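Asks: following is a predicted model, sequence given first.
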Amino acid sequence: MENEINAFETASTPKFEIHAFLTLSVKQGVSDIHLRVNSVPVVRKDGLILKTKYARLTEQDMDDIVKVIVPQKLYHKVKTTYDFDFSLEMANIARFRVNLLHDLGNVGLVLRVIPLEIPSIEDLYLPPSLKDFTTYNNGLVLITGPTGSGKSTTLATILSYMNNNTQKHVVTLEDPIEFIHPNQKSVFSQRQLGVDTDTFPNGIKYALRQDPDVILIGEMRDMDTIFSALKAAETGHLVFSTLHTTDAVQTINRIINAFQPYERDAVRMQIAS
């Protein structure tokens, strides 16, 4: 265990430098990075939380880090919002999904490493039948599972296959954008909450006016988003999204129970059709 974190030894590096640390983390196979004031930087590798040998981060360290990595368009949120998400990309290294939080009155950061290259269906040992989803013209496809189970990566893999094998316009609504899809046979419009659109329901509303074949909704987290997703699927679009559920029955119940009791019969009919 000790050998796994020796690469983070910093005796000759008196000041923490975020880009160097992130580069080293990616090279060491780290999946998540935790940065908090009055704590040493902590990483997750192979499922285990590991303390690094850096010095404890000060408030000034954290201020410097935030100024470097928070996009200018979102910087005002640091003082006005307790928590928010954004994406960070380091060229030729990796992308990161970043959550800015407040902890004991101080700003903190948790970063999830997102590989630059989208894995293939074969790379993930997923069933080849997933390719069939890319041939559908309408409907709702949900990838479900607990946090960290690979929902976003699975969706990205399906859309990457679609990108390379079909001619469609795909609009994604994400919070934040994780994987980038360069146009291949398909054309992608990737929109991030807080930067390119304000909410999932509004993003879906305007996406329907942008000549989409496919709409990806990062997560169906509330009634308004679920309603908008069902409406988009009903009106002849293929909609992909995720839910934090563990099986098909729980997924259906989660969708239905998001609505008021008097609305649930109508929602059941929508799902059944």
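Replies: Arrived safely.
Asks: what comes up buried for stretch 135-146?
Replies: Under the neighbour-count criterion of 16 or more other Cβ atoms under 10 Å, stretch 135-146 has 140, 141, 142, 143, 144 buried. (C-beta placed from N, C-alpha, C; glycine too.)
Asks: not counting residues beside it along the chain, what's closest to residue 138?
Replies: residue 236 (4.9 Å; Cβ to Cβ, 6 or more residues apart in numbering).
Asks: for that neighbour, give its distance to residue 163.
Replies: Per Cβ to Cβ, to the nearest Å, residue 236 is found 21 Å from residue 163.
Asks: which of those two has more neighbours?
Replies: Between residue 236 and residue 163, counted using other Cβ atoms under 10 Å, the more crowded position is residue 163 (22 against 11).
Asks: sorry, back to before: hang on, the residue nearest to residue 138 packs against residue 208?
Replies: No - in this structure, residue 236 is not within contact of residue 208 by Cβ atoms under 8 Å, at 9.9 Å.
Asks: spit out the residues that contact these two alike.
Replies: Counting by Cβ atoms under 8 Å, 6 or more residues apart in numbering, residue 236 and residue 208 have no shared contacts at all.
Asks: dump the buried residues of stretch 135-146 into CSV; add pLDDT and distance to residue 232 as well.
Replies: Output for the buried residues of stretch 135-146, formatted as CSV (pLDDT from 0 to 100; distance: Cβ to Cβ, whole Å):
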residue, pLDDT, distance to residue 232
140, 94, 8
141, 95, 12
142, 94, 13
143, 94, 17
144, 92, 19
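Asks: would you mind giving those residues as CSV with secondary structure and distance to residue 67 added?
Replies: Output for the buried residues of stretch 135-146, formatted as CSV (DSSP: H, G, I helix; E, B strand; the rest coil; distance: Cβ to Cβ, whole Å):
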residue, secondary structure, distance to residue 67
140, strand, 41
141, strand, 40
142, strand, 39
143, strand, 36
144, strand, 38
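Asks: got the CA coordinates for the lengthiest helix in the chain in CSV?
Replies: Longest helix of the chain, by residue count under DSSP state H: helix 151-165. Presented in CSV, the C-alpha positions along helix 151-165 are these (Å, rounded to 0.1, in the frame of the first residue of the first chain):
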residue,chain,number,x,y,z
LYS,A,151,-23.8,4.6,-16.3
SER,A,152,-22.2,7.6,-17.9
THR,A,153,-19.5,5.6,-19.5
THR,A,154,-22.0,3.1,-20.9
LEU,A,155,-24.0,5.9,-22.4
ALA,A,156,-20.9,7.5,-23.9
THR,A,157,-19.9,4.1,-25.4
ILE,A,158,-23.3,3.6,-27.0
LEU,A,159,-23.3,7.2,-28.4
SER,A,160,-19.7,6.7,-29.7
TYR,A,161,-20.8,3.6,-31.6
MET,A,162,-23.8,5.6,-33.0
ASN,A,163,-21.4,8.4,-34.0
ASN,A,164,-19.2,6.1,-36.0
ASN,A,165,-21.9,4.1,-37.6
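Asks: where do the strands sit along the stretch 1-150 of the chain?
Replies: In the stretch 1-150 of the chain, the strands defined using DSSP state E, counting those that start in this stretch lie at 32-36, 42-45, 48-51, 84-90, 94-103, 106-114, 139-144.
Asks: which one of these lies closest to residue 263?
Replies: strand 139-144 (17.3 Å; Cβ to Cβ).
Asks: run through who's touching that closest one.
Replies: With Cβ under 8 Å, 6+ apart, strand 139-144 has contacts from 133, 151, 154-155, 220, 229-230, 233, 238-247, 250-251.
Asks: point to the helix or strand of this structure where mean pLDDT is at its lowest.
Replies: One helix or strand of the chain scores below all others by mean pLDDT, DSSP states H and E: helix 2-5, with a mean of 48.
Asks: OK, contacts around the residue most central in space within the chain?
Replies: In the chain, the residue lying closest to the centroid (Cα atoms, centre = their mean) is residue 178, at 4.9 Å. Listed by Cβ under 8 Å, 6+ apart, the contact set of residue 178 reads 87, 95, 97, 114, 152, 156.
Asks: OK, contacts around the residue nearest to the last one when sequence neighbours are not counted?
Replies: By that I understand residue 156. Excluding the flanking residues, the one nearest residue 156 by Cβ to Cβ, 6+ apart is residue 179, at 4.0 Å. Residues near residue 179 by Cβ under 8 Å, 6+ apart: 95, 114, 118, 152, 153, 156, 160.
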